[in-house]
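S.K.: pasting a predicted model and its sequence here:
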Amino acid sequence: MKIDNITLSFQNKIVLRNIEIEIKPSEFVFLIWYSWEWKTTLIRSLIWDKKPEKGDIILDNGWFLYRNLNEDLLLSYRRSIGVIYQDYKLLESKKVYENVAFAMEVCWYSDKIIKKKVPETLDQVWLLINKDKFVYELSGWEKQRISIARALVNNPSIIIWDEPTWNLDPVTTKEIMGILKELNDEWKTIIIATHDQNIVNTMKKRVITFKDKEIFSDIKNWKYNLD
């Protein structure tokens with residue numbers, strides 16, 4: 001994936017300008033920032049939810065996400081990318097199974113495949129026993145695991161995770177870091193937006209820092225640094 005000279009706005013105000021980033025397959029990247037406004041806007045642009053003012057997202061197959069967009073490309077892209085949001089974005093009135101199945105339904109998978117993949121994925125995140133519970137019955141960490149399952153169920157090659165350790169205790173944070181490492185070991189590309197210094201400093205991956213609407217630094221095996 002290459003972020004190709006994009007400029008993005010938020011509420012009619014430019015928040016990122018002329019951004020160039022290349023993220024190679026199976027790479028692990030942290031995104032950190034001085035201002036929160038760019039974060040949601042950039043993530044939305046990566047998942048085809050926010051068209052840049054200029055520039056584009058070039059996919060690994062050479063296609064331009066916005067310029068070449070058609071129904072087949074969008075379906076393929078949705079299947080290749082998994083997103084875990086800070087606020088989970090779950091369907092509170094639905095059951096755990098239904099929330100995860102929904103991620104496959106919007107990608108037009110058959111009922112047969114859905115019935116096979118959803119239980120497998122719920123078991124992977126230790127939630128199979130809760131598959132018939134409603135979301136509102138679960139704890140915050142359990143809700144996050146539903147979000148993880150929903151992101152993984154289509155077996156995407158790219159995982160985008162917004163604030164994975166937000167509001168979590170140290171033990172759960174350690175579990176999250178283990179999940180991230182495991183996913184990356186499976187050759188998945190990991191893109192993390194976070195303000196958690198501990199997770200960045202512990203994992204020592206590529207860190208891209210944004211400041212004044214531009215990239216301030218882009219360093220491999222780096223730490224959390226806003227100075």
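M.R.: Here it is on my side, so go on.

S.K.: okay, residue 75: pLDDT?
M.R.: Looking at residue 75, its pLDDT reads 83.

S.K.: quick check, it in contact with residue 108.
M.R.: Yes. With contacts counted by C-beta atoms under 8 Å, residue 75 reaches residue 108, the gap being 6.4 Å. All C-beta spots, glycine's among them, are computed from the backbone N, C-alpha and C.

S.K.: between the two, which one's more packed in?
M.R.: residue 75 (13 against 9; other C-beta atoms under 10 Å).

S.K.: residues in contact with that one?
M.R.: Shown in contact with residue 75 (C-beta atoms under 8 Å, 6 or more residues apart in numbering): 107-108.

S.K.: what do you get for residue 102?
M.R.: 91, 94, 150.

S.K.: for the residue nearest to the spatial centre of the chain, phi and psi?
M.R.: Nearest to the mean C-alpha position of the chain, counting by C-alpha atoms, centre = their mean, stands residue 160 at 1.6 Å. Backbone torsions of residue 160, given as degrees, to the nearest 10, read phi -110, psi 130.

S.K.: does it have beta-bridge partners, and which?
M.R.: residue 83, residue 191 (DSSP bridges).

S.K.: go ahead and confirm it touches residue 84.
M.R.: Yes. Residue 160 lies in contact with residue 84 (C-beta under 8 Å); the separation is 7.3 Å.

S.K.: give the contact list for residue 46.
M.R.: 1, 3, 57, 81, 160, 191.

S.K.: the longest helix seen in the chain packs against which elements?
M.R.: Using DSSP state H, we find that the single longest helix of the chain is helix 170-185. Helix 170-185 makes packing contacts with helix 140-152, strand 189-193, helix 197-203 when contacts are defined by 3 or more C-beta pairs under 8 Å, 6 or more residues apart in numbering; DSSP states H and E.

S.K.: at 10 Å what do you get?
M.R.: Applying 3 or more C-beta pairs under 10 Å, 6 or more residues apart in numbering; DSSP states H and E, one finds that helix 170-185 contacts strand 28-33, helix 140-152, strand 158-162, strand 189-193, helix 197-203.

S.K.: what angle do the longest one and helix 170-185 make?
M.R.: Spelled out, that is helix 140-152. Relative orientation of helix 140-152 and helix 170-185, computed by axes from the mean of the first three to the mean of the last three C-alpha atoms, to 10 degrees: 10 degrees.

S.K.: and the angle from helix 140-152 to strand 158-162?
M.R.: Using the same axes, to 10 degrees: helix 140-152 against strand 158-162 is 150 degrees.

S.K.: circling back to that earlier point, adding distance to residue 64 and mean pLDDT, write the helices and strands packed on helix 170-185 out as TSV.
M.R.: Listed next are the helices and strands packed on helix 170-185 as TSV, based on distance: least, C-beta to C-beta, whole Å; pLDDT from 0 to 100:
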stretch	distance to residue 64	mean pLDDT
strand 28-33	21	93
helix 140-152	24	92
strand 158-162	16	93
strand 189-193	18	94
helix 197-203	31	92
